[in-house]
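Q: fold the following and give me the result.
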Amino acid sequence: MVVLDVLGRRGALRILWELRDGSPLTFRALQDACESNPGSLNTRLKDLRELGVVDHDDGGYRLNRGGRELLQTLHSLQAWSDRWVGSRSGKT
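A: Next up, the predicted model:
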């Protein structure tokens, strides 16, 4: 439930999305990419770091192994969602 709680917070999934390619992003670059204010971004980054999916070093913020695994899991959820929508099409 902790993971779902954190991912449900505004901006959390957007941060994961912006970090998906593995290249580190500075706070400013991530703020621009997420179109977020500094306070909100800082709070979400803290949440994601405490969750153990985002790391910070001299190069900036990046997904760690756990974050990459989480993204793979989210891709599976997206595939399931696409199938679910397809099975519901045409139903009222």
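
Q: contacts only, for the residue sitting nearest the centre point of the chain.
A: With distances taken as C-alpha atoms, centre = their mean, Leu16 lies nearest the centre of the chain, 2.4 Å away. By C-beta atoms under 8 Å, 6 or more residues apart in numbering, the residues touching Leu16 are 48, 53-54, 63, 67, 70-71, 74. Backbone N, C-alpha and C define where each C-beta goes, glycine included.

Q: quick check on it: phi, psi?
A: phi -60, psi -40 (degrees, to the nearest 10).

Q: the chain: helices as residue ranges?
A: Using DSSP state H, the helices of the chain run over 2-7, 12-18, 27-34, 38-51, 65-88.

Q: and the closest residue to Asp57 other than its chain neighbours, how many neighbours does it have?
A: Spatial nearest neighbour of Asp57, excluding adjacent residues (C-beta to C-beta, 6 or more residues apart in numbering): Pro24 at 7.3 Å. Burial of Pro24 is recorded as 16 neighbouring residues (other C-beta atoms under 10 Å).
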